[in-house]
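Q: Give the three-dimensional model of this entry:
(2 chains)
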Number of protein chains: 2
Amino acid sequence: MEVSSRFSISARRMSRSIIRELLKLTRKKGLISFAGGLPHPSTFPSEELTGICSSILKEDAAMALQYSPTEGIPTLRESLRSFLKKRGFDASNKELIVTSASQQSLDLVSKIFVDRGDTIITENPSYLGALSAFRAYGGRFIAIDIDSEGLRTDVLEKELNELAKTAGTGSEYYQNMPKFIYTIPDFQNPAGVVMSYERRKKLLEIAERFDLLIVEDVPYRWLRYSGSEVPMLSSMDESGRVIGLFTFSKIFSPGIRLGWLTADERIMDKIVQAKQATDLCTSAFTQAIADKFIRSGLIDRRIEENISIYRKKLEVMLDSLEQYLPQDEGIEIYKTEGGLFLWLKLPEYIDTDEMFTEAIDRNVAYVIGSAFFPNGGGHNTMRLNFSFPSEEEIEEGIKRLGGLIRDRLS
Amino acid sequence: MEVSSRFSISARRMSRSIIRELLKLTRKKGLISFAGGLPHPSTFPSEELTGICSSILKEDAAMALQYSPTEGIPTLRESLRSFLKKRGFDASNKELIVTSASQQSLDLVSKIFVDRGDTIITENPSYLGALSAFRAYGGRFIAIDIDSEGLRTDVLEKELNELAKTAGTGSEYYQNMPKFIYTIPDFQNPAGVVMSYERRKKLLEIAERFDLLIVEDVPYRWLRYSGSEVPMLSSMDESGRVIGLFTFSKIFSPGIRLGWLTADERIMDKIVQAKQATDLCTSAFTQAIADKFIRSGLIDRRIEENISIYRKKLEVMLDSLEQYLPQDEGIEIYKTEGGLFLWLKLPEYIDTDEMFTEAIDRNVAYVIGSAFFPNGGGHNTMRLNFSFPSEEEIEEGIKRLGGLIRDRLS
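A: The predicted model follows:
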């Protein structure tokens, strides 16, 4: 039976995620992996959930085990609005939908905006999962460099000025200009940087001037270990052009697969229709769990505890890097104040893709930085995760990595 | 801010599901609705689930609350294979993936096969949710009539002979011919018919001859109240051309949003990649619940109990229809032996779309049959659900419906 000739254009272009394939290599006994992006299991509130599940099954089974509205169950949607309001984002002029975590939000956004050949602006580097979601609809990327203050809005502005020249007018303009700007402003994945307030203001100004949408993805925002918070683009947005992507994966549990999305009502209308065709609705049972977890105040305590666990791990990783990495050899460490990742830039002549196999031999793993560059590059970079390994493993793993890098320095 | 000009082609063509909009009207107090497709809450195993949740959270929280493989958790995939084997389908030469219920399976199948303008063969009428999923990727339909033995394979054959004449050869042929044949062979939605064994054999022969894929969707298969089972297309398939879609929604709970899909490994490879980009993975927590529900044998008992509950409701509906519907007036009732729905064909001159408003006035609701016809038609048909209303409601509702129809007869 012939198979491959039947596939859609997008299926023919799909390939297994590089990270996923590399992760398989890291399942070796004795290997210390900085390659994943997993929360630590000690942060999972299993005891609290036992009581919550019992109470839902006792009192609300007819709702929790039934089909539910595509938009999400009303009680959770209300809790999520309070959760956001408490954290400085009053979403009352936005619509809110519950999704099966952020990867689905990214899929839905792509589905309603992206046609084959459309351009999307991303940070350079950016989150691989988002790139896969956009690529599945045929999206192409304009990748804008970031620095320690986040997205280089000066570069973005120049790029847009160029694009606008040939974009035409009216509806043609909107089809030719980038469909949206995708940004992870807080503890960016993979680089860990936070977009400064000035840059955020500038980004909104630019979006206003060119009448563009912004997709703000904030999975790590509430995992801040030092420094002070910068307002969300969603809360600074006055014209409904920011779509906010939120998830429980890093502050509660990735295994319940829950996130939410806020957007202007005209955009939400299509998001809801797209979700109907995609999975009808998200599990009412897991939604009811999350609702009780928020209402009881457990989520606030959970976030505080996660912060204290991960803050310590980040310190251990930074200390270990200082101790075991050669100094003054052109190695750049992006010192993040939150999230799950540290980003390293090695001297140009060290190829981290090529070094990966040797890392596995030395029982340590990282994610090759090049995977995060939408249009190539970054072969001397790597991403290190500090949330999953233990403090001892972090120290030992960085020691191994330090040795490996040292041997490569010329 | 301009919004509509930014949407993708598929978003611009999306519209809110007709059924969903009609269902809103049925939320009226005192109204008896045959319009939904919901399992009855008395079939939800809430007590058993309390124990199952506690034990998962005690013993397997680190797995259940974490990210999990895109293919599904290994224990559940194993249980599902046993579940199928016990029911006559040995899936050992197929790959199996867990999905977030059948709507997601339909989305994934569309994503890997359907490009804008591609044709899909469906039954006429067919399941609206499937049509929406296919439409979202730009699929067009060739709808083949059904009769009491299911899909009219003679009509299908003629149609394919015509199509093959201009389809070209090689990879062009596969791009021009229908991407797959979508069928619900058991207790078809909406018509309730079962495809006969002879038709199934014939369908597989035709698919073989034209080298086509078949997507077999069996949400109601195990809800049989009388008569005897016909083998699944998936189990009769010898060349890997049948993709099987399965769900827990009607035999366990729709609220846990779990289904599974079986396919040839070359097809599965793309399904996995598509799911990666769509939602990374399905909830490990709900998967662990389903796994324990199967392993403990609870699923078998659940199915038996569902059958006894729904069998009774179907009998009440059939009796009521006999009692309250005018006889010998050209009203055709498709007497199903399972599933959740009865299908009615009224005389040609009665328009059920138009009659719907009056039904609501008389406090009874159905789904307008025309919604299920991919390319129009069916304005004298309706679908009646018997799983959700109580036996008393069924009798009273059919009485109201009978009065309404009687008044329309000329």
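Q: Only C-alpha atoms from now on, for both contacts and neighbour counts.
A: Will do.
Q: Need the contact partners of the strand or helix carrying residue A:288.
A: Take DSSP states H and E as the rule and residue A:288 turns out to sit in helix A:284-295. Helix A:284-295 is contacted by residues A:49, A:52-53, A:56, A:63-68, A:72-73, A:75-76, A:79-80, A:83, A:256, A:258, A:299-300, B:255-256 when judged by C-alpha atoms under 8 Å, 6 or more residues apart in numbering or on different chains.
Q: could you give the angle of that helix to helix B:284-295?
A: Taking axes from the mean of the first three to the mean of the last three C-alpha atoms, to 10 degrees, helix A:284-295 and helix B:284-295 form an angle of 130 degrees between their directions.
Q: quick one: average pLDDT of whichever helix or strand comes after helix A:284-295?
A: Going down the chain from helix A:284-295, the next helix or strand is helix A:298-324, by DSSP H and E. Per-residue pLDDT over helix A:298-324 has a mean of 97.
Q: Remind me what helix A:298-324 packs against, helices and strands.
A: helix A:391-408 (3 or more C-alpha pairs under 8 Å, 6 or more residues apart in numbering or on different chains; DSSP states H and E).
Q: got the buried residues for the helix it packs on?
A: Of the residues in helix A:391-408, those buried under the neighbour-count criterion (16 or more other C-alpha atoms under 10 Å in any protein chain shown) are A:391, A:393-405.
Q: Just the mean pLDDT for that helix, thanks.
A: Per-residue pLDDT over helix A:391-408 has a mean of 97.
Q: what residues does it touch?
A: Helix A:391-408 has contacts (C-alpha under 8 Å, 6+ apart) with A:32-33, A:313, A:316-317, A:320-321, A:324-326, A:350, A:358-359, A:362-364, A:386.
Q: so which residue of the stretch 201-350 of chain A comes closest to chain B?
A: Per C-alpha to the nearest C-alpha, residue A:255 is where the stretch 201-350 of chain A lies closest to chain B, at 3.9 Å.
Q: Which of the contacts of helix A:391-408 are buried? Put it as a PyMOL command.
A: PyMOL command restricting the contacts of helix A:391-408 to the buried ones, with burial defined by 16+ other C-alpha under 10 Å:
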select buried, chain A and resi 32+33+313+316+317+320+321+324+325+350+359+362+363+364+386
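Q: wait, residue A:167 sits on residue A:177?
A: Yes - look at residue A:167 against residue A:177 with C-alpha atoms under 8 Å: they come within range, at 6.1 Å.
Q: Contacts for the worst-scoring helix or strand of chain A on mean pLDDT next, please.
A: Ranked by mean pLDDT, DSSP states H and E, the weakest helix or strand in chain A is helix A:18-25, scoring a mean of 76. The set of residues external to helix A:18-25 that reach it, using C-alpha under 8 Å, 6+ apart, is A:35-36, A:360, A:367, A:371.
Q: Same list as before, the residues you listed that is, but in a markdown table and with pLDDT included.
A: Supplementary listing: the contacts of helix A:18-25 in a markdown table, determined by pLDDT from 0 to 100:
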| residue | pLDDT |
| --- | --- |
| A:35 | 93 |
| A:36 | 87 |
| A:360 | 94 |
| A:367 | 94 |
| A:371 | 93 |
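Q: out of those, which is most surrounded?
A: Across the contacts of helix A:18-25, neighbour numbers were computed from other C-alpha atoms under 10 Å in any protein chain shown; residue A:367 holds the maximum, 26 neighbours.
Q: how close does residue A:43 get to residue B:341?
A: Here the distance between residue A:43 and residue B:341 works out to 46 Å (C-alpha to C-alpha, to the nearest Å).
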